[in-house]
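Undergrad: sequence-free structure coming up:
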């Protein structure tokens, strides 16, 4: 006889009735399902072994809890479900689904037996009297009442507690009915909303479908609102960025205008015969001191130089944070080594004067000699050589 999965899979009510049936029923079913002969002797496959291992593990735990003694009926049901699962799995692979159902029931019953046995053992250990058992019963009723939002007053006995719980349950049901009425009013309002919002909804739509339709519409509206807020934020960020760029451009323009004004003021300090004021490739300010003339072969400053150098100090005051480089230059007459040394001495002499006159740290100054390496005019003429013999003050802005 082959028992198919569809015939043997019990419904949920059927499983509950089986769980409450006498163990003898399961024994009888096992005998009917398990065929005689070689089928009962076939080796255990992996699926069947897995089923039985899970059941036997739960039964072992129940046995350890002494369920055979303290919860014999529940333990017996677990054993009966185990035999039924074993029988089903032996008959045919088609019955494996039903066998799994029986295995789940066996595991549940074994675990229930363990819980009951542990509870009874704990009661015995603590020597629970009937009074304490009834008090615990009343306490559990009180806990159930709290779940539905009610509280039980102290009562003279379990019957009164049960009656009061029943009254609380009736009140809870009454509250549930009022809430249901409120839900119906909300449902009516939502149907009206759907009509006004143009949401397509069937007249026979369930409450869940109606709620879902309204929720979808509300979600869409919220999304539209979020999108609008996102566009507003983007516009605000763009405006803020534009404003920042404008302010930065204004600052740059203002700085350039201020630099041009200062440059013009510095140029105005000198006559063409005294100095040429210009900018180099690095946009540094160069004051070419045409009027600072040394005696031939000399590097010492004289009082005749003070007026021109005072104007240099005035020009430097317009750039208080700048670094100053004093460059010494010569023409190409004479030995290059002599010209180099002479340019260095003249640059050093002017630098020391400016350090003293400006009272700035010496680290802000640098003196360097270039000899005849950087001419600005033709050394073939007297005029060109005169222009090449010079001191350049380079103001490096920072």
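TA: Great, that's in hand. All values reported here derive from a predicted model rather than from experimental measurement.
Undergrad: mind checking the SS state of the closest residue to residue 151 other than its chain neighbours?
TA: For residue 151, ignoring the flanking residues on the chain, the nearest one in space by C-beta to C-beta, 6 or more residues apart in numbering is residue 145 at 6.1 Å. Where C-beta positions appear, they are placed from N, C-alpha and C, glycine not excepted. Judged by DSSP: H, G, I helix; E, B strand; the rest coil, the three-state class of residue 145 is helix.
Undergrad: can you pull the pLDDT of residue 145?
TA: Residue-level confidence at residue 145 comes out at 72, pLDDT.
Undergrad: mind listing what it touches?
TA: Residues near residue 145 by C-beta atoms under 8 Å, 6 or more residues apart in numbering: 151, 152, 164, 165, 168.
Undergrad: repeat for residue 321
TA: Shown here is residue 321, whose contacts under the criterion C-beta under 8 Å, 6+ apart are 397, 398.
Undergrad: Next, it: secondary structure please.
TA: With three-state DSSP as the criterion, residue 321 was assigned coil.
Undergrad: Could you number the chain from 15 rather than 1 from now on?
TA: Sounds good: first residue 15 from here, last item residue 335.
Undergrad: Can you give me the pLDDT of it?
TA: The predicted local confidence for residue 335 is 91.
Undergrad: Format the contacts of residue 159 as JSON lines; extra columns: pLDDT and distance to residue 192.
TA: JSON lines is the format used below for the contacts of residue 159 (pLDDT from 0 to 100; distance: C-beta to C-beta, whole Å):
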{"residue": "165", "pLDDT": "70", "distance to residue 192": "20"}
{"residue": "166", "pLDDT": "67", "distance to residue 192": "22"}
{"residue": "178", "pLDDT": "74", "distance to residue 192": "21"}
{"residue": "179", "pLDDT": "75", "distance to residue 192": "20"}
{"residue": "182", "pLDDT": "77", "distance to residue 192": "16"}
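Undergrad: So which of these are in helices?
TA: Judged by DSSP state H, helices contain the following of those: 178, 179, 182.
Undergrad: tell me which element the closest residue to the second one other than its chain neighbours falls in.
TA: What that stands for is residue 179. Counting by C-beta to C-beta, 6+ apart, residue 155 is the residue found nearest to residue 179 once chain neighbours are left out, at 4.7 Å. Secondary structure from DSSP states H and E places residue 155 in helix 144-161.
Undergrad: pLDDT averaged over the longest helix out of those in the chain, what's the number?
TA: Under DSSP H, the helix in the chain containing the largest number of residues is helix 221-283. Confidence for helix 221-283, expressed as mean pLDDT, is 91.
Undergrad: Over to stretch 132-149?
TA: Stretch 132-149 shows an average pLDDT of 73 in the prediction.
Undergrad: Low-confidence stretches in this protein?
TA: Within the chain, the segments meeting pLDDT under 70 span 15-59, 141-149, 151-152, 164, 166-173, 175.
Undergrad: Using the three-state scheme, assign residue 340.
TA: With three-state DSSP as the criterion, residue 340 reads strand.
Undergrad: Count the neighbours of it for me.
TA: When counting by other C-beta atoms under 10 Å, one arrives at 25 neighbours for residue 340.
Undergrad: these two touch, right, the residue nearest to residue 179 and residue 180?
TA: No. Shown here, residue 155 and residue 180 do not form a contact pair, counting by C-beta atoms under 8 Å, at 9.7 Å.
Undergrad: what comes up buried for the helix or strand harbouring residue 189?
TA: Per DSSP H and E, residue 189 falls inside helix 172-211. Buried residues in helix 172-211, counting neighbours by 16 or more other C-beta atoms under 10 Å, are found at 175, 178, 179, 182, 201, 204, 205, 207, 208.
Undergrad: Tabulate the residues you listed (CSV), appending distance to residue 328.
TA: Compiled in CSV, these are given as follows (distance: C-beta to C-beta, whole Å):
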residue, distance to residue 328
175, 104
178, 103
179, 102
182, 99
201, 89
204, 84
205, 88
207, 81
208, 84
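Undergrad: What's the local residue count around residue 70?
TA: A count of neighbours around residue 70, defined by other C-beta under 10 Å, yields 15.
Undergrad: what sits against it?
TA: For residue 70, the set of contacting residues under the criterion of C-beta under 8 Å, 6+ apart consists of residue 96.
Undergrad: before we move on, the earlier item: let me know the closest of the buried residues of helix 172-211 to residue 235.
TA: Closest approach to residue 235 among the buried residues of helix 172-211 (C-beta to C-beta): residue 207, at 11.0 Å.
Undergrad: What sits closest to that closest one if chain neighbours are left out?
TA: Residue nearest to residue 207 in three dimensions, not counting chain neighbours: residue 228, with 6.4 Å by C-beta to C-beta, 6+ apart.
Undergrad: Correct me if wrong: the one you found contacts residue 206.
TA: No. Using C-beta under 8 Å, residue 228 makes no contact with residue 206, being 10.7 Å away.
Undergrad: Which neighbours do the two have in common?
TA: With C-beta under 8 Å, 6+ apart, residue 228 and residue 206 have no common neighbours.
Undergrad: Can you give the domain ranges for this protein?
TA: When the chain is parsed with automatic domain parsing, its domains come out as 19-142, 152-200, 284-410.
Undergrad: Same list, those domains, but as a markdown table with distance to residue 222 please.
TA: Output for those, formatted as a markdown table (distance: least, C-beta to C-beta, whole Å):
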| stretch | distance to residue 222 |
| --- | --- |
| domain 19-142 | 22 |
| domain 152-200 | 11 |
| domain 284-410 | 75 |
